[in-house]
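Q: Need coordinates for the below:
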Amino acid sequence: MEIKPINTEKDYQQALNRLELIFDVKKGTEKGDELEILSILIDTYESKNFPIGMPDPIEAIKFRMEQMGMKQKDLAEVIGFKSRVSEILNKKRKLTLEMIRKISFTLHIPTEVLVQEYAVK
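A: Numbers count the residues shown, from 1 in each chain. This next block holds a predicted model:
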C-alpha cells in the first residue's frame, strides 16, 4: 500500500484509478484500509479544488417542492397565504425567521441554505 497526499490533478487521477480498482474490497483488510484512506484523501482534494456552493434559498424550496410533489397551495398550508407563497417563490418578499423554521422542518431543507442572503425583485 503506497499512500501519498493528492496535490496535483495527476495525483488525483491516479488516486481515482486506484480507488476504482480496489472499490469492492472487504473492510478490515489491508486493501480495505487503503480504500478508506484513499477515499478520505480524494474527498479532501475535491472539497478543496471543486467546492460546491449552497443553492439559492428559493431555488432550493422550489426543487424540494418538486421532489415532494408539492404545489403552492401545499406550501401555503406551511407558511400562510397562497399569495404570500407566490411572493416568496417569485422573490418579491423575503423569508421570515418563522417561515424558515417551518420550511426547514416540513421540507427538510437545512436552515443554513434558507438563511442565505438573496435579492428581491
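Q: Closest to the centroid, which residue in the protein?
A: residue 54 (6.7 Å; Cα atoms, centre = their mean).
Q: show me the contacts for it.
A: 112, 113, 116 (Cβ atoms under 8 Å, 6 or more residues apart in numbering). For glycine as for every other residue, the C-beta is placed from the backbone atoms N, C-alpha and C.
Q: In the record's domain split, what are the boundaries for this structure?
A: As assigned by automatic domain parsing, the chain contains the domains 9-49, 57-114.
Q: Span of the first one from start to end?
A: What it means is domain 9-49. One end of domain 9-49 sits 10 Å from the other (Cα to Cα, to the nearest Å).
Q: same thing with the longest one?
A: The distance separating the two terminal residues of domain 57-114, taken as Cα to Cα, comes to 5 Å.
Q: where exactly do the strands run in the chain?
A: For the chain, strands defined by DSSP state E do not occur.
Q: Just the contacts of residue 54: which are in helices?
A: Those of the contacts of residue 54 mapping onto helices are 112, 113, per DSSP state H.
Q: nearest spatial neighbour of residue 88, skipping sequence neighbours?
A: Excluding the flanking residues, the one nearest residue 88 by Cβ to Cβ, 6 or more residues apart in numbering is residue 95, at 6.3 Å.
Q: residues touching that neighbour, list them.
A: Contacts of residue 95 (Cβ under 8 Å, 6+ apart): 57, 88, 103, 114.
Q: closest to residue 121 among those residues?
A: Among the contacts of residue 95, residue 88 lies closest to residue 121 (Cβ to Cβ), at 11.6 Å.
Q: Verify the stated contact: the closest one with residue 79.
A: Yes - in this structure residue 88 lies within contact range of residue 79 using Cβ atoms under 8 Å: 7.4 Å.
Q: Need the residues touching each of the two.
A: With Cβ under 8 Å, 6+ apart, residue 88 and residue 79 have common neighbours residue 99.
Q: who has more neighbours, these two?
A: residue 88 (23 against 19; other Cβ atoms under 10 Å).
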